[in-house]
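# The sequence and its predicted three-dimensional model are supplied below.
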Amino acid sequence: MKRTFVITGATGNIGNRVARLLLNQDQSVRVLGRSRERLQPLIDLGATPYVGDMRDLALVTELFRGADAALLVCKGNRTSRDYRTEFAGAGRTYAAAAQATGLKSAVFISSLGAHDERNRGLILMHGDVEQILNEVDGLNVVHLRAPGFFENLFYFLPLMREHQRLITPIALDARLEMAATADVADIAVQLLSDLGFGGKSVIEIYGQREVTMTQIAKLLGEAIERPFPAEFLERDDDIERMVRAGIGRDFATLMNDVWSSISRRSQKSDQKVGTRRATTEIETFLRQRLVPALQAAAPAAAAVGAR
């Protein structure tokens, strides 16, 4: 059965993969992004482009009109002085457009731990958007709570290259749930292809196994065949490092709020929710993605903010 799907954040890792997989199923796919140039590969595959900002209510309303389902991804400008407002604004725009058009089904890419108000930063912001979307009458929505992305290790790539060690503000022995963005995209496609969900629901994604930064550093060392220790970086030092790299102080602070939250507690819900297990192993990601970037002579494009 051919359906019409909306993919927001279509130039990001998750949105791009979801769009490609649905196009491979010969579905009708509308893609939203700020740059037509970056959308062009999807256009070439048959997607219909909508170029503009995810906070543009008129544009998003037109995007949603007549669609069967949508993948909802919230983003903001990482150089913004108020990333929180931009992020929540995307959620409110999606909700208003869904209400106006009668959109029936959506998958929202949320964050593991979004249910727990003790978590801060980007994690809690995803929880806010969950609540916004839950208020839309008639919208069947699955909040797909993703764990930390393997791709977020690229945040630390410049320091890894410079010092030949994994330098991170995440507690070295904190037990982390992590997965590849491709795993999250594949689960989202399964949900959208089936559209068997109803009401407001949650699915939490867990990694193949819990890992620590110490273990990741050890695996990196094994992959490059030399010692590669882990070293803790103080929160304030990491914020200043990110600011020097051109990232806004507000986003840098929010990101470190995430590092602090996952260092302190498990992100798993104490509520009864659906669960899925990611398929990509950390060793595979390190071997195929991080080690080549680490060994490259020129800086690689970091897949940060990986949604």
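Here it is on my side, so go on. Bear in mind that the values here come from a model prediction, so they are computed numbers and not experimental data.

# hang on, Glu86 packs against Arg92?
No: under the contact definition of Cβ atoms under 8 Å, Glu86 does not touch Arg92, with a separation of 10.8 Å. Heads up, the C-betas are built off the backbone N, CA and C, glycines and all.

# So between the two, which is more surrounded?
Residue environment comparison for Glu86 versus Arg92 gives the larger neighbour count to Glu86, 20 against 16, counting by other Cβ atoms under 10 Å.

# what's the pLDDT at the residue lying closest to Pro147 once chain neighbours are set aside?
Across the structure, with Cβ to Cβ, 6 or more residues apart in numbering as the measure, the residue nearest Pro147 apart from its sequence neighbours is Glu177 (3.7 Å). Residue-level confidence at Glu177 comes out at 94, pLDDT.

# How many neighbouring residues does Arg36 have?
Residues near Arg36, counting by other Cβ under 10 Å, number 12.

# Likewise for Asp186?
Count around Asp186 with other Cβ under 10 Å applied: 18.

# now do the one 10 residues further on
Gly196: 9 surrounding residues under other Cβ under 10 Å.

# Check what pLDDT it gets.
Predicted confidence (pLDDT) for Gly196: 93.

# State the distance from it to Leu42.
Between Gly196 and Leu42 the computed distance is 26 Å (Cβ to Cβ, to the nearest Å).

# Repeat that for Thr79.
25 Å.

# Which residue of these two possesses the greater neighbour count?
The neighbour count for Thr79 versus Leu42, taken as other Cβ under 10 Å, is higher for Leu42 (22 against 12).

# and that one, what helix or strand is that in?
When elements are defined using DSSP states H and E, Leu42 is found to belong to helix 36-44.

# which residues does Val18 contact?
Shown in contact with Val18 (Cβ atoms under 8 Å, 6 or more residues apart in numbering): Ile7, Leu71, Ala185, Ala188, Val189, Leu192.

# I'd like those residues as CSV, with secondary structure, pLDDT and distance to Arg289 appended.
As requested, the contacts of Val18 are arranged in CSV below (DSSP: H, G, I helix; E, B strand; the rest coil; pLDDT from 0 to 100; distance: Cβ to Cβ, whole Å):
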residue, secondary structure, pLDDT, distance to Arg289
Ile7, strand, 98, 23
Leu71, strand, 98, 23
Ala185, helix, 98, 15
Ala188, helix, 98, 20
Val189, helix, 98, 21
Leu192, helix, 98, 25
